[in-house]
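Q: Sequence and predicted structure, then a few things I'm wondering about:
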Amino acid sequence: MKLSLIIPCYNEAENVRAFHDAVLQAFADCCYDYELIFVDDGSRDATLYNLKKLYAENKIPMKVISLSRNFGKEAAIYAGLEHASGDYITLIDADLQQRPEIVRDMVAYLDENPDFDMVAAYQDRRGEGKVLSFFKKAFYSIINKLSDVNLQKDASDFRTFRRGVAESILSLGEYHRFSKGIFAWVGYKTHFIPYIACERTAGTTKWGFRKLVNYAIDGIIGFSTRPLRLATYLGSMTAVAALIYLLIVVLQKLIVGIDVPGYATIIVLILLLGGMQLLCIGIIGEYVGRTFEQSKKRPIYLTKEKLGCDE
Ligand code: UDP
Ligand code: MG
């Protein structure tokens, strides 16, 4: 049995050695083979340099894939999956927020439960701020209502799965990769375990509020076409309302014979309709844009350099 750990790294120069050593320690007495697959996601710091040093030390079987620029964590994971040779595959962050010890428990669980294909960790968020927690709740309820997949709240990318799951994930060649959705979409029997994220050992998180909002929109657009339906509904509803209002105005003119002095009404209607039209164009645009991106059939990532990957 062999385990492949995939570690996407973006500007993690201070963390890669600590991570490597933590794995060495956590897996010291384990009785199966394992390999580390570091994917350097176009880091601007010494991440690649440090990875090369670790590779030269040759303490753990290791692969290093260096992408030609920053393609994002999802693309880095894809690159790692393509190079993983293990029967079990683990996705784990480089910053030691996710302890390698947990991976051993995940593997043990899969070994003991042949009917399960994946063990996923979800973050225990008891200490989280109220505002962020509110937005997250809103996001999960919106996406679960709109899309065909059902996302487990707070489920992270930190997970271990069997080879078949990896192949299924690789078979989804979409350019905009929303991993939470992809994991839910491929299905398989998944066991969820809670974990408490530790503090980052060094460096900073790459997720700001704006990035999170964009990520949420990516998730909704990528796994549902219902926003388009919303545009249709909105349009039909306005059309009906406009028709009724037109009748009222005409009847008023014919029967009562007064001109409606509706300056305010007109302004409000113009603004309202204009806003709604822009919103709908925006929604359609999101889908058109994605279709355009996908139709170009560009690769999900490009590699600059590889170590330890025999082709
Ligand atoms: N990461 C990556 N490419 C990116 C952003 C992040 O490979 O464009 C990696 C990063 O190096 C880390 C993992 O993804 O190993 C998770 O990132 P981070 O710790 O910033 O996210 P958080 O833990 O705050 O959710
Ligand atoms: Mg982190």
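A: Cool, got the structure. Ligands and ions are numbered 1, 2, ... in the order given.
Q: Who are the packing partners of the longest helix anywhere in the chain?
A: Longest helix in the chain by number of residues (criterion: DSSP state H): helix 263-295. Helices and strands touching helix 263-295, by 3 or more Cβ pairs under 8 Å, 6 or more residues apart in numbering; DSSP states H and E, are helix 209-223, helix 226-251. To be clear about C-beta, it is placed using only N, CA and C from the backbone, and glycine gets the same treatment.
Q: closest one to residue 91 among the ones you listed?
A: For the helices and strands packed on helix 263-295, the distance to residue 91 is smallest for helix 209-223, at 16.6 Å, taking Cβ to Cβ.
Q: relative orientation of that closest one and helix 226-251 in degrees?
A: If you take axes from the mean of the first three to the mean of the last three Cα atoms, to 10 degrees, helix 209-223 sits at 90 degrees to helix 226-251.
Q: Please identify the buried residues of helix 209-223?
A: By neighbour count on 16 or more other Cβ atoms under 10 Å, the buried set for helix 209-223 is 216, 218-223.
Q: And ligand 1, is that helix touching that?
A: No. If you take Cβ under 6 Å from any ligand atom as the test, helix 209-223 misses ligand 1, and the best it gets is 9.1 Å.
Q: contact partners of that helix?
A: Contact with helix 209-223 is made by 135, 139, 142-143, 146-149, 151, 174, 176, 178, 180-181, 185, 207, 227, 286-287, 290, as judged by Cβ atoms under 8 Å, 6 or more residues apart in numbering.
Q: tell me the contacts of residue 15?
A: 9, 94-96, 200-203.
Q: List only buried entries from these.
A: Looks like these have 9, 94-96, 200, 203 buried, using 16+ other Cβ under 10 Å.
Q: CSV for those, including secondary structure and pLDDT?
A: Shown next, in CSV, are these (DSSP: H, G, I helix; E, B strand; the rest coil; pLDDT from 0 to 100):
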residue, secondary structure, pLDDT
9, strand, 94
94, coil, 90
95, coil, 87
96, coil, 85
200, coil, 74
203, coil, 70
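Q: Of these, which pair is most distant in space?
A: The span of the buried ones among the contacts of residue 15, defined through Cβ to Cβ, is set by 9 and 200 at 13.0 Å.
Q: where along the stretch 1-150 of the chain do the strands fall?
A: 2-9, 33-40, 62-67, 88-91, 118-123 (DSSP state E, counting those that start in this stretch).
Q: What strands line up against the last one, and which way round?
A: Note on strand 118-123: by DSSP bridges, its sheet partners are strand 155-162 (antiparallel), strand 190-195 (parallel).
Q: The last one - what's its average pLDDT?
A: Model confidence over strand 190-195, given as mean pLDDT, is 88.
Q: same check, this time on the first one
A: What strand 155-162 shows for mean pLDDT is 89.
Q: who touches that strand?
A: Contacts of strand 155-162 with the rest of the structure, by Cβ under 8 Å, 6+ apart, involve 3, 73, 77, 87-93, 98, 102-103, 106-107, 110, 117-123, 179-180, 183, 188, 190, 192, 195.
Q: which of these are buried?
A: 3, 73, 77, 87-93, 98, 102-103, 106-107, 110, 117-123, 179-180, 183, 190, 195.
Q: out of those residues, who's near ligand 2?
A: Contacts with ligand 2 within the buried ones among the contacts of strand 155-162, counted by Cβ under 5 Å from the ion: residue 93.
Q: How many residues are close by residue 207?
A: A count of nearby residues for residue 207, using other Cβ atoms under 10 Å, gives 10.
Q: That one: what's it in contact with?
A: Under the criterion of Cβ under 8 Å, 6+ apart, the neighbours of residue 207 are residue 215.
Q: would it count as being in a strand?
A: No. With DSSP: H, G, I helix; E, B strand; the rest coil as the criterion, residue 207 is located in coil rather than a strand.
Q: State the distance from it to residue 8.
A: 13 Å (Cβ to Cβ, to the nearest Å).
Q: Likewise for residue 198?
A: Remark: distance between residue 198 and residue 8 (Cβ to Cβ) = 18 Å.
Q: same question, residue 147
A: Distance from residue 147 to residue 8, by Cβ to Cβ: 25 Å.
Q: Between those two, point out the one with more neighbours.
A: The residue with more neighbours, out of residue 147 and residue 8, is residue 8; 27 against 20, by other Cβ under 10 Å.
Q: mind listing what the nearest residue to the more buried one once chain neighbours are set aside touches?
A: Once flanking residues are discounted, residue 8 sits nearest to residue 76: 3.6 Å by Cβ to Cβ, 6 or more residues apart in numbering. Going by Cβ under 8 Å, 6+ apart, residue 76 touches 8-10, 39, 41, 67, 301.
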